[in-house]
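> sequence and predicted structure are below.
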Amino acid sequence: MGTRFLPATKTVPKELLPVVDTPGIELAAGEAADSGASRLLIVTTAGKDGVVSHFIKDLALESHLAAKGKHTLLEKVRKSSSLIDVEAVIQNRPLGLGHAVGCAEQSLGDDEDAIAVLLPDDLVQPSGILQTMSQVRAEHGGTVLCAVDVPKSQVSSYGVFHVEEVPGVSQPDVMKVLGMVEKPQLADAPSTLAAAGRYILDRQIFDALRRIEPGAGGELQLTDAIALLIKQGHPVHVVVHRGTRHDLGNPGGYLRAAVDTALNGDEYGPALRKWLIKRLELGDNA
Ligand code: G1P
């Protein structure tokens, strides 16, 4: 619902807020496409039509840009409609992440035996973690999740993993998951490895989602369905992501993501770097 971003999200869905010039939802769609996905289901609420419209071709805008010779902008505008096939699934009530994921089941084909879930609030870079996770599923089967190592003070904001090392595993940073707990107090946290908003879920997750009760925050938690699968002996592994991860869901994390992304690019990076150095020096002397 974007409450941490009010008042901006009074009328603009937070998924459309730009990281430099590209909405967060397009970054997630690009990551899904790069990982080999051919279609994207956006689980959303009624009244956020702009999120799906962003992926529809805008012929009038494209011909205007073409006529003006604005080819770089034209390429940027065309990108979202050519990335991946997008469909929307409406979640009628905000009952939690587990409920949102469950809404996708109705749109799956009989031959689709796993889904990747990307939470667009999490910007995980460099992209490529989903390919690594797919390789782990090919090797071990089951369900594969992405973990980041977070400071102890932050464990209560995440789903946290209880893990053990896998002897002789071919990829570094791959561990077996023995349990998972949503938003634990530090004293109850099994580790500092936290779920980072990228999941490859075996289709069995939908049965588990039907069997869970509301958990942390009174919501139907994806974490609880995964914990149930683990108890039943379903193989679950994590890949520990060693790159960066930004939380686009709050203004502080979003700002870091924007600065980081701009600094990594040629268009705004060099000038921003110069300005930041000057700005911070002035700040230190103030
Ligand atoms: C959700 C998940 C949590 C995960 C987090 C990652 O929580 O429930 O397990 O660690 O995303 O961002 P939320 O941030 O939606 O409360």
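Received, thanks.
> tell me what the helix or strand where Leu280 lies is packed against?
For Leu280, the host element (DSSP states H and E) is helix 269-285. Helix 269-285 sits against helix 251-264, with contacts defined as 3 or more CB pairs under 8 Å, 6 or more residues apart in numbering; DSSP states H and E. All C-beta spots, glycine's among them, are computed from the backbone N, C-alpha and C.
> so which residues on the stretch 1-150 of the chain come close to the ligand?
By CB under 6 Å from any ligand atom, the residues of the stretch 1-150 of the chain that approach the ligand are Leu97, Leu119, Asp121, Asp122.
> selection in PyMOL covering whichever of those residues are buried, please.
Here is the PyMOL command that selects the buried residues among those (16 or more other CB atoms under 10 Å):
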select buried, resi 97+119+121+122
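> redo the residues of the stretch 1-150 of the chain next to the ligand as TSV? Include distance to Ala258 and secondary structure.
Listed next are these as TSV, based on distance: CB to CB, whole Å; DSSP: H, G, I helix; E, B strand; the rest coil:
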residue	distance to Ala258	secondary structure
Leu97	25	helix
Leu119	18	coil
Asp121	14	coil
Asp122	15	strand
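> thinking again about what came up before, show me which positions of the helix holding Leu280 end up buried.
Neighbour-count burial for helix 269-285 flags Leu272 (criterion: 16+ other CB under 10 Å).
> which residues does it contact?
Helix 269-285 is contacted from outside by Val259, Ala262, Leu263, using CB atoms under 8 Å, 6 or more residues apart in numbering.
> before we move on, what about stretch 174-188?
By CB under 8 Å, 6+ apart, stretch 174-188 touches 136, 145, 147, 152-153, 155-166, 189-190, 193, 195, 215-217, 221, 223-224, 226-227, 230, 235-240.
> show me which of those residues are buried.
When the contacts of stretch 174-188 are checked for burial by 16+ other CB under 10 Å, the buried set is 136, 145, 147, 155-156, 158-163, 189-190, 193, 195, 215, 221, 223-224, 226-227, 230, 235-240.
> picking up where we left off before, now, the contacts of stretch 174-188 that are in helices?
Secondary structure from DSSP state H places Val136, Thr223, Asp224, Ile226, Ala227, Ile230 of the contacts of stretch 174-188 in helices.
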